[in-house]
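Asks: Sequence first, then the predicted structure, then my questions.
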Amino acid sequence: MARISQGRAFLNPKAKFLRDISVAFVAARAKRNSSVLDATAGTGIRGIRYFLEGGARNLTMLDMNRSAFASAKRNAASNSTKAEVLNKSIQEFANTTDDRFDFIDVDPFGGITPYIYDVMKVAKDGTYLMLTATDTAVLCGAHAAACIRLYGSKPLHNELCHETGIRIMINYAVGVAAQLNFGVEAILSVYYAHYLRAVLRLAHGSAKASSSISNTGYVHYCNACGFWEAEKGIIPHQRACRGCGATMPTYGRMWLGQLYERKALADVAGRSSAMGMGAVEERHVETMLNEYDTPLFYSIPRMTKRMHIASVGPSGVIERLKAKGHVATRTQFDDSGIKTNADAAALIAAITGRGTRTRTPALADA
């Protein structure tokens with residue numbers, strides 16, 4: 001366990017779970033000579049754990065704040081961590097180095113938008129880009145104008161906002177990466193305690209960049225009955241709700257591809273105890289491991305409220321959907337939510353306990 005002196009630098013104990021997942025992932029993927037850039041080091045706890053527990057021995061830590069830099073440098077020495085600790089901003093570092101890194105961690109106070117272009121300069125084919133956004137009020141629609149201005153996306157501000165928030169964040173990274181001929185694959189995506197965390201793998205090449213762009217698009221959401229439809233493509237097409245026929249407002253753009261690589265999830269789950277995760281955190285990882293990897297989900301309490309019926313448990317709805325041949329799982333984004341490939345009629349029937357019919361796909365291509 002790393003010994004950390006906080007000093008005047010910021011250390012958030014509530015973010016330990018996200019650090020645990022990141023360390024577990026690095027431990028699974030890093031080789032002894034793997035290079036890691038902790039671009040927003042703070043106290044240095046992430047970088048130090050990547051060295052001590054993740055096995056990454058080529059470590060660089062940055063922080064532009066002088067007090068944080070001093071804290072990180074002191075903590076690295078006290079934990080016998082060999083690291084280059086620099087009092088530089090990401091922008092200054094990226095424009096004055098020829099180094100390229102296997103892992104790049106960006107966990108700023110606020111959003112990722114000021115940093116993505118510069119960290120791409122120190123990336124290479126196969127780099128894992130680990131991003132945390134704490135500007136959830138922006139990404140989740142409480143400040144919609146700011147999201148449109150910063151991320152170029154119209155956000156949702158309802159039960160879906162945490163999943164769409166992380167998809168908007170990934171979409172932004174995809175767009176910047178494409179300008180530098182990088183494609184993006186989402187490996188891990190985590191929502192926890194009002195933090196959004198994504199691990200992305202970069203693949204160099206214009207064809208891969210174009211392929212990633214093809215996995216972005218829009219979400220149409222019905223405010224009348226709560227049903228939604230996702231549409232891949234550059235230009236959205238107006239949709240009528242399949243549940244009630246109302247015209248659905250459109251939101252995005254956002255990432256509509258996978259959020260998880262199953263092997264990465266299994267690797268993290270296998271190391272969860274060693275990382276010191278509690279029971280709640282281990283259940284969170286297990287939910288991610290079993291989650292149906294598709295956009296988006298349905299909040300059962302929201303559905304029953306709209307239907308003016310008594311609330312029902314998501315477990316019963318899942319079992320009824322599975323009995324009719326549908327895919328249905330819990331989701332990390334809502335304790336009472338489910339992900340399914342069932343259509344509106346089948347979901348309503350499962351909620352009310354009546355018969356179901358054949359599904360209609362919820363994801364459409366333009």
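Replies: Yes, it's here.
Asks: just checking, next helix/strand downstream of the longest helix seen in the chain?
Replies: The single longest helix within the chain, with elements called by DSSP state H, is helix 161-179. Note on helix 161-179: by DSSP states H and E, the next helix or strand toward the C-terminus is strand 182-192.
Asks: Parallel or antiparallel, which strands does that following strand pair with?
Replies: With DSSP bridges as the test, strand 182-192 is paired with strand 195-204 (antiparallel).
Asks: Mind listing residues that contact the strand it pairs with?
Replies: 15, 18, 21-22, 25, 120, 123-134, 136, 139, 162, 165-166, 169-170, 173, 177, 181-191, 264 (Cβ atoms under 8 Å, 6 or more residues apart in numbering). Any C-beta I mention is one placed from the backbone N, CA and C, and that applies to glycine too.
Asks: and what of stretch 227-245?
Replies: Identification of contacts with stretch 227-245 by Cβ under 8 Å, 6+ apart yields 160, 214-222, 224-226, 246-248, 250, 252, 256, 295-296, 343-344, 348, 360, 362-366.
Asks: Taking those residues, please make a PyMOL selection of just the buried ones.
Replies: Restricted to buried positions by 16 or more other Cβ atoms under 10 Å, the PyMOL selection for the contacts of stretch 227-245 reads:
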select buried, resi 160+215+216+217+218+219+220+221+222+225+226+248+250+252+256+295+296+343+344+348+362
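Asks: Please flag which of the contacts of stretch 227-245 sit within helices.
Replies: Judged by DSSP H, these include 344, 348 as members of helices.
Asks: Backbone dihedrals for residue 308, please?
Replies: phi 60, psi 40 (degrees, to the nearest 10).
Asks: dump the residue contacts of it.
Replies: No contacts exist for residue 308 under Cβ under 8 Å, 6+ apart.
Asks: Kindly report the same for residue 329.
Replies: By Cβ under 8 Å, 6+ apart, the neighbours of residue 329 are 290-292, 318, 338-340.
Asks: who's in contact with the closest residue to residue 255 other than its chain neighbours?
Replies: In this structure, residue 255 finds its nearest non-sequential neighbour in residue 170, 3.9 Å apart by Cβ to Cβ, 6 or more residues apart in numbering. Contact analysis of residue 170 by Cβ under 8 Å, 6+ apart lists 184, 186, 189, 198, 200, 254-255.
Asks: Closest one of those to residue 97?
Replies: Proximity of the contacts of residue 170 to residue 97 (Cβ to Cβ) peaks at residue 200, which lies at 21.1 Å.
Asks: Without its sequence neighbours, what residue ends up closest to the closest one?
Replies: residue 129 (4.6 Å).
Asks: Okay, the one you found and residue 233: tell me how far apart.
Replies: Residue 129 is 25 Å from residue 233, where distance means Cβ to Cβ, to the nearest Å.
Asks: what do you get for residue 303?
Replies: 27 Å.
Asks: likewise residue 295?
Replies: Residue 295 sits at a distance of 14 Å from residue 233 (criterion: Cβ to Cβ).
Asks: re earlier: how about the contacts made by the residue nearest to residue 200?
Replies: Counting by Cβ under 8 Å, 6+ apart, the residues that residue 129 touches are 104, 106, 119, 123, 173, 199-202.
Asks: could you give the angle of the one helix or strand it maps to to helix 161-179?
Replies: Using DSSP H and E, residue 129 sits within strand 128-133. Here strand 128-133 points in a direction 130 degrees away from that of helix 161-179 (axes from the mean of the first three to the mean of the last three Cα atoms, to 10 degrees).
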